[in-house]
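Asker: Here you go, sequence then predicted model.
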Amino acid sequence: MPCFAYPNPTSASPIPFSYERRHFTVKTVPDDFPYELVRDNGLQIHYFEFRGPGPPPNDLGHPGDVWLNVKPGEYNLYARMQSHWELWPGPRKAKKHMFAHPLVPGRYLWCTRKHVLWYTCDGIRKSASLQTRGEEEDFGRTRYRTVGPMERGGARNATTTNDNVSRLPLRTAEEAVAKIIETEEEERRQGREPPDARRRRPREGEGEGEASSSSRKRTRTDEDDLLSGEESQTPTPPTVQQPAEAHNLQHFISHPFPIQPAASTSSSSLSQALGPQPQPQPAIPSPQANYPPAGTVHRPPQHQAYPHPQPPPQTNAAPPTTPFTPSNQLTSPNVTPDRARLIEHELLRMRDEGRRLTEENRRLNQENARLGQENSRLTEENARFRVQAMATSNCPPELAAAVRESMNSTLGMRVNHILADAQEQRAARLEAERKLAELHEQLKKMTQAFQLPPSLSVADHSSLHTPGPSPRMSVSDA
C-alpha cells in the first residue's frame, strides 16, 4: 500500500497540511487491484486523510486518499481518483448517485459527525437515517429507551412509533466538514483532545520542539476506522509519553546505537529501562571531580532527568556525547532522555539524507558527463555528414562532360530514333485517312449513279427487261 511505501507524504506546494492514516476492511478485492494488502481479519485498505487550508495539491496523494479543506468559509471535501482530485458533491442516498471508491467496488465516500470514511451502502443509509432523525449523537439509544425494541419480523410498534416527526436534512459537504471540526473542538474543550496527525509540516513561528512534541501525542488507532465510524464517549486516561512510533523511525532502524560497556555503566534500574547508552569515545582530558556540577560534565542522555551520584571515572577522559548529538543540548537541564533520543534520531536522519543527496548528485554529474560526451559525438558525426554532402553535391566538370557525352551518344540517339518513328507513323496514318476519304467519295458517287428514280412504276420496270430467255434459265429449258 502507498501508505506504507511512502509513510511521510510530501508536496512541492506551499500549502501546509497534516495527515493521518486510516483504513477499512473488505473481504475481497478485484483481480487488478494494484497494491499489496494487509491481511488481518480480512483485507485492509489503508488511505490518508489530509487537512489543509485550500484545495489539495496535484502532486499529493494516491487513489482513495481524502482531503479536507479547512479554510474558514471554504470548507470542502475532495477524494483522490486515479490521476486527479475530485470534489465530493454531497450526501446521496441512491446507490447510483453515490461517490464510489476508485479501486474498491462497493465502497462510497461518506461523512459522519467525526470522520470521513469509505462506507458501504447499508452503512451510509443507516448513518443518514440517524442523521435525519437527530439521533447521531447517541446512536438511537434514546429512541430505543422510549420506543422500545422492534417487534419480531422487523415490524414497528404502531402505538409508540410516530412517523409524523419532522426529519432533518442531510448535511452538505461544507456542513459536514464544519461538523467534524466543531466536534473535535468540543472534545478538546471537554478534555478529550482529538488525536493529532502523526507527522505534519511545521508552520511558521513553530519551533522544532513543538512539532516533535505534537508528533509524540497519542495517535488514533485503527479501530476507529471500522464500519461504525464512531469513537467511545469514555475519556481516555493520560498515558506516559513514549518515543515516536516505529513507522516514523523506520529510516533509523539500520543504525542501531552501540551499547555502553559495563565499565562505564551506572547502577540504576531506571537508566537501564530507558535503553542502551552511546559508546564513549576518547575526548580532551578534563579535571576529575567526585561530584561535578551540572552543566560542566557531559553525561549520557538517559541520566539527564534522573541525576544520581556517579563513581569517579577510571580515566582522565570524560565520556563525551555521540558524534551526532550536540553537547549543548545534552547539558541543558530541560532536555529529557526522550527529547535527546529524538534529536539523535533526527540527526541520523539528516546524515542519511545528506548521504543520499550526495549519491544522487554524483549520479547526476555522471549522467551529465555522459550526455555531454554523447552530444559531442553527435555534433562530430553531423559535421562529418555535412562535409560528405557538400563533397558529393559539387560534381567535377570532367564528370559532368562525360555524363553529357554519354547522354548525347546513347540516350539522345535512342530518343531521336523514337521521335522519328513516331513522326513516320503519324504520316502513314494521315495518308491512310486521306485514301479512305477518297474511297468514300467514289463509293458515294457510284451509289448515286446506279440509284433508280422513285417516279418509275412497275410497268416501266418491266419494259426495261431485255427480250430473249432469262439469264437464269439453263440450256435444257431454252
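Answerer: Great, that's in hand. Numbers count the residues shown, from 1 in each chain.
Asker: how deep is Met1 tucked in, by neighbour count?
Answerer: Neighbourhood size, Met1 [other Cβ atoms under 10 Å]: 18. Any C-beta I mention is one placed from the backbone N, CA and C, and that applies to glycine too.
Asker: One more: the one 10 residues further on?
Answerer: Ser11 has 17 neighbouring residues, counting by other Cβ under 10 Å.
Asker: Give me the pLDDT value at it.
Answerer: pLDDT, Ser11: 90.
Asker: Name all residues that make contact with it.
Answerer: By Cβ atoms under 8 Å, 6 or more residues apart in numbering, Ser11 lies in contact with Phe17, Pro57, Asp59, Leu60.
Asker: Is it correct that the second one falls within a strand?
Answerer: No - the assignment for Pro57 by DSSP: H, G, I helix; E, B strand; the rest coil gives coil, which leaves it out of any strand.
Asker: ok, back up a step: could you identify the buried members of the contacts of Ser11?
Answerer: Phe17, Pro57, Leu60 (16 or more other Cβ atoms under 10 Å).
Asker: Go ahead and confirm the second one touches Pro14.
Answerer: It refers to Pro57. No - with contact defined as Cβ atoms under 8 Å, Pro57 does not reach Pro14; the gap is 9.2 Å.
Asker: ok, the closest residue to Leu77 other than its chain neighbours to Asn416 distance?
Answerer: With sequence-adjacent residues excluded and distances taken as Cβ to Cβ, 6 or more residues apart in numbering, Leu77 is closest to Trp88, at 4.1 Å. Going from Trp88 to Asn416 by Cβ to Cβ, to the nearest Å gives 88 Å.
Asker: So the two - more neighbours on which side?
Answerer: Counted by other Cβ under 10 Å, Trp88 and Asn416 do not tie: Trp88 has more neighbours, with 22 against 10.
Asker: quick one: contacts for that one?
Answerer: Going by Cβ under 8 Å, 6+ apart, Trp88 touches Asn76, Leu77, Tyr78, Ala79, Phe99, Leu109, Ala173.
Asker: Against Thr172, how distant is the residue nearest to Leu77?
Answerer: 10 Å.
Asker: ranges for the strands of the stretch 51-200 of the chain?
Answerer: Secondary structure of the stretch 51-200 of the chain, counting by DSSP state E, counting those that start in this stretch: strands at 66-69, 76-80, 85-87, 108-111, 116-119.
Asker: closest to Gly52 out of these?
Answerer: strand 66-69 (7.0 Å; Cβ to Cβ).
Asker: strand partners of that closest one, parallel vs antiparallel please.
Answerer: strand 43-52 (parallel), strand 76-80 (antiparallel) (DSSP bridges).
Asker: Out of the ones you listed, which is closest to Glu433?
Answerer: Across the strands paired with strand 66-69, closest to Glu433 is strand 76-80 (Cβ to Cβ), at 88.2 Å.
Asker: ok, and what's touching the closest one?
Answerer: Contacts for strand 76-80 (Cβ under 8 Å, 6+ apart): 55-56, 61-69, 85-88, 99, 102, 109, 111, 116, 173-174, 176-177.
Asker: Just the buried ones from those residues, in ChimeraX syntax?
Answerer: This is the ChimeraX syntax for the buried subset of the contacts of strand 76-80, where burial follows 16+ other Cβ under 10 Å:
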select :55,56,61,62,63,64,65,66,67,68,69,85,88,99,109,111,116,173,176,177
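Asker: so what's Ala176 up against?
Answerer: With Cβ under 8 Å, 6+ apart, Ala176 has these contacts: Leu77, Pro91, Cys111, Val116.
Asker: For Tyr108, which residues are in contact?
Answerer: Lys95, Met98, Phe99, Ala100, His101, Trp118, Tyr119, Thr120, Cys121, Ile124.
Asker: Greatest separation within these: which pair is it?
Answerer: Lys95 and Trp118 (14.4 Å).
Asker: Now do Gln373 against Glu359, distance only.
Answerer: Distance from Gln373 to Glu359, by Cβ to Cβ: 21 Å.
Asker: meant to ask about Met390, not that
Answerer: Distance from Met390 to Glu359, by Cβ to Cβ: 47 Å.
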